[in-house]
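>>> predicted model and sequence below, questions to follow.
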Amino acid sequence: MKLLQNYTNFTDRLLPVGGIIRNFPYVMVFKTTHWCTLRCAHCCENAGNFQPKKLIPAQTIKNYISQAKRDAQFDNNVVFTGGEIMSSYIWGDDKYLPELLDFCQNHGIATDIKTNASWVNAEFAPCVFDDLSKASQNGKPYNLQISLSLDRYHTRCVQNCAKFIHELSRRPGQAIIHISS
């Protein structure tokens, strides 16, 4: 602990802004996988279907969130991104996302899911929409946000975003849908 304190004091003398930033609230971002159905030229994650089909275990994520909950600087916001987090459904694990969303909702943590929505016509899509709807009903109103990609890199993104909005709006619950390009 003393070594950490010495390091912190040293860096604060070199970069005084560190002491200020250290006290800002923070959001946790989990890049749950690097696997994705798409292989976009602009992807800063180097995601694609050439990446390993693996996810950060849900229990690991829940452990990190539990630790953060004890930190006064954690602002109770979590982002799940990738790759494509919905790939868990592609691989047959339809419990992964609901487990994470239930955990967050039960602990009062606002959640943002980032997705390219390329999966909206897949066989498992109704299950995803049902899971998102359930999660948006279980927590505080608008405690769930879904961020959709809309740009020239994501194939059929206009149609996918429109279908996503249409399908989610047909189900109960209150979620924020954010479209970014």
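It's in.

>>> would you say Ile20 is within a helix?
Yes. Read with DSSP: H, G, I helix; E, B strand; the rest coil, Ile20 is one of the residues of a helix.

>>> so how far is Lys31 from it?
Distance of Ile20 to Lys31, given as C-beta to C-beta, to the nearest Å: 27 Å. Backbone N, C-alpha and C define where each C-beta goes, glycine included.

>>> the more surrounded of those two?
Lys31 (15 against 10; other C-beta atoms under 10 Å).

>>> distance-wise, check the more buried one relative to His166.
From Lys31 to His166 the distance is 28 Å (C-beta to C-beta).

>>> which element is Ala72 on?
Per DSSP states H and E, Ala72 falls between elements, in no helix or strand.

>>> how many neighbours does it have?
For Ala72, using other C-beta under 10 Å, the count is 7.

>>> pull up the per-residue confidence for it.
Per-residue pLDDT puts Ala72 at 90.

>>> check the secondary structure at the closest residue to Asn77 other than its chain neighbours for me.
Once flanking residues are discounted, Asn77 sits nearest to Val27: 4.3 Å by C-beta to C-beta, 6 or more residues apart in numbering. State at Val27, reduced to three classes by three-state DSSP: strand.

>>> okay but Val27 is in contact with Asp75, surely?
Yes. Contact criterion C-beta atoms under 8 Å: Val27 and Asp75 qualify, at 6.3 Å.

>>> what's the local residue count around the residue lying closest to Tyr96 once chain neighbours are set aside?
Nearest residue to Tyr96, sequence neighbours excluded (C-beta to C-beta, 6+ apart): Ser88, at 3.8 Å. If you count neighbours by other C-beta under 10 Å, Ser88 ends up with 25.

>>> which ones are touching Ser88?
Residues in contact with Ser88 (C-beta atoms under 8 Å, 6 or more residues apart in numbering) are 32-33, 55, 94, 96-97.

>>> enumerate every residue touching the residue positioned nearest the centre of the chain.
Centroid-nearest residue in the chain: Phe80, 1.3 Å away (criterion: C-alpha atoms, centre = their mean). By C-beta under 8 Å, 6+ apart, the contact list for Phe80 reads 30, 32, 97, 100, 111-114.

>>> switch to 7 Å and redo it
By C-beta atoms under 7 Å, 6 or more residues apart in numbering, Phe80 lies in contact with 30, 32, 100, 111, 113.
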